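Student: Based on what follows, work out the 3D shape:
(one chain, ligands or ions: 1)
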Amino acid sequence: MNLYSLTAHELNELFKAKRAKPQEAIDSLNSRIEEVEGKVKAYVRVNHRSQIDVKGVPVTITDNICTENLFTECCSKILEGFKPPYDATVIRKLKDAGTTIFDLKTNMDEFAFGSSTENSCFGPTRNPWNTSCVPGGSSGGSAACVAADEAIWALGSDTGGSIRQPASFCGVVGLKPTYGRVSRYGLIAFASSLDQIGPITKDVEDSALLTNIISGFDPMDSTSANIPVPDYTKSLGIDIKGIKIGIPKEYFVQGLDPEVKILAHEAIAKLKSLGADYKEVSLPHTEYAVPVYYIIATAEASSNLARFDGVQYGFRTKGKIQNLIEMYKETRGEGFGEEAKRRIILGTFALSHGYYDAYYLRALKVRTLIKQDFDKVFKEFDCIVTPTSPTTAFKISEKAEDPLEMYLSDIYTISANLAGIPAISIPCGFTKDNLPVGLQILAKPFAEEKLFTVAHAYEQNAGWYKIKPKL
Ligand code: GLN
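Tutor: Numbering: from 1, shown residues only. Below is the predicted model of the structure:
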């Protein structure tokens, strides 16, 4: 048996029964990384290994979550060499829970800007199911390493879909918790009103276990919610008879890949056969989600990125400079990649005098309408089911030159961030080309339990999680 191929709950059972030791799990992962990482490139700085405290199940972290003394560079040149002097709250919680923080961090789009992991200063990650395709993004490295058995489980961040969309593209489970459920302290901010950290795992049980560990109130994050955290593993193995599911008609329209559509409908039929009731519903403001998101997210990003000035962190220009302003300009010009610059410019424009009311303020108003659409549906339904993404993984460089095309790949995931609600992506089958397809389940704020119940019932019945990519 290869320890690397196990889930966290399976590995933990072995540790408890003294049939395996934590160091053996690390050794097993390292041998797997040696074997397949050359093809996948899920990790960054693979030649810079660090000493780690090996205790329990190893957990892998994306490059935008602060880990004490381990590189945390958001896959951006501007954070080159940055090793935080502190741990993010989620890391502290993971250490307190007895897990091992794996020393290698995973690849991502620079500052989580993207849907393909191509916007990384370290180069792209490849999809383990087809290495000429992207793994999705921005947490593509985390999804790819879990799918390729180069990690047991992982954390990613989700601002507009960056956990769920790569989970869908790589055939694994990805959860974006309710806004405020998980502390953002130590997550390097992209868009503070949208960002959430969440688990990427091989199955739903691990997703519940990891959510148990990382959730909860944190005085270090003023947006963290002081609401008790239930034991999410208690939501598993429960009958879904009578559960009411809404199917939003706005998600099954032109632009949805026909194969994805069929697999989503088959999954809905399976949920019905397990006893759930479903009905078509409407989320009428869905068409505004992408434009609203790209105003709010870039506005917040332009403000959050102001701190990268060559003084406080990471990289500073080595060029000849005459004064402070030149130092800022050269550092930011050389340090940020193309997509980061595009977003700083867009966001600064949307917030500037004369445009603030026309764009930013209006976007905030439409955001409220989008949230109200969900509130209305959740008065009557327990959850909403949709495809996670309109397509399967696309080819590397297929959309890289067309930012608008890239932005549209998050059309089904963005609304959950705008509304602050939890959403999970689970595998629901494969296309003829053997690429995984993801099913998204959404619920009202702090109703993660419902997601786990429905996702687990489907997963155990459908069994897709047992199929692994051949590398
Ligand atoms: N793809 C979206 C974007 O580029 C979402 C990214 C994310 O969730 N971090 O902004």
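
Student: Give me the three-state assignment for the residue nearest to Lys249 when sequence neighbours are not counted.
Tutor: Excluding the flanking residues, the one nearest Lys249 by Cβ to Cβ, 6 or more residues apart in numbering is Glu280, at 5.3 Å. Just so you know, the C-beta spots here come from the backbone N, C-alpha and C atoms, and that holds for glycine as well. What DSSP: H, G, I helix; E, B strand; the rest coil gives for Glu280 is strand.

Student: Tyr251 is in contact with Glu280, correct?
Tutor: No: if you go by Cβ atoms under 8 Å, Glu280 and Tyr251 don't touch, sitting 10.5 Å apart.

Student: out of those two, which sits in the busier spot?
Tutor: Between Glu280 and Tyr251, counting by other Cβ atoms under 10 Å, Tyr251 is the more crowded of the two (20 against 9).

Student: And the more buried one, how far from Thr388?
Tutor: 10 Å (Cβ to Cβ, to the nearest Å).

Student: Give me the common contacts of the two.
Tutor: Here Tyr251 and Thr388 have Tyr412 as joint contacts, going by Cβ atoms under 8 Å, 6 or more residues apart in numbering.

Student: Between the two ends of stretch 424-442, how far is it?
Tutor: Terminal residues of stretch 424-442 lie 7 Å apart, using Cα to Cα, to the nearest Å.

Student: ok, now stretch 116-129?
Tutor: Using Cα to Cα, the end-to-end distance of stretch 116-129 comes out at 15 Å.

Student: Any part of that stretch near the ligand?
Tutor: No: contact of stretch 116-129 with the ligand is not found when judged by Cβ under 6 Å from any ligand atom; the minimum separation is 8.4 Å.

Student: which sections of this protein are below the confidence cut-off?
Tutor: Along the chain, no part satisfies pLDDT under 70.

Student: So Thr386 belongs to a helix, correct?
Tutor: No: when three-state DSSP is applied, Thr386 is found to be strand, with no helix at that position.

Student: Next, work out how far apart it and Val253 are.
Tutor: Distance from Thr386 to Val253, counting by Cβ to Cβ: 11 Å.

Student: Quick check on the two: which one has the bigger neighbour count.
Tutor: The neighbour comparison of Thr386 against Val253 (other Cβ under 10 Å) goes to Thr386, with 28 against 13.

Student: wait, that one sits on Pro248?
Tutor: Yes: using Cβ under 8 Å, Thr386 is in contact with Pro248, at 6.2 Å.

Student: ok, which stretches of the stretch 101-250 of the chain are helices?
Tutor: When secondary structure is read from DSSP state H, counting those that start in this stretch, the stretch 101-250 of the chain shows helices at 140-147, 164-170, 204-214.

Student: which one of the ones you listed lies closest to the ligand?
Tutor: Checking these against the ligand by Cβ to the nearest ligand atom gives helix 164-170 as the closest, at 7.0 Å.

Student: ok, which residues in the stretch 251-400 of the chain are in contact with the ligand?
Tutor: Within the stretch 251-400 of the chain, the positions near the ligand by Cβ under 6 Å from any ligand atom are Ala297.

Student: Leu256: neighbour count?
Tutor: Counted by other Cβ under 10 Å, the residues lying close to Leu256 total 18.

Student: cool, and the one 5 residues further on?
Tutor: Neighbourhood size, Lys261 [other Cβ under 10 Å]: 16.

Student: Over to it: give its phi and psi.
Tutor: Per-residue torsions, Lys261: phi -60, psi -50 (degrees, to the nearest 10).
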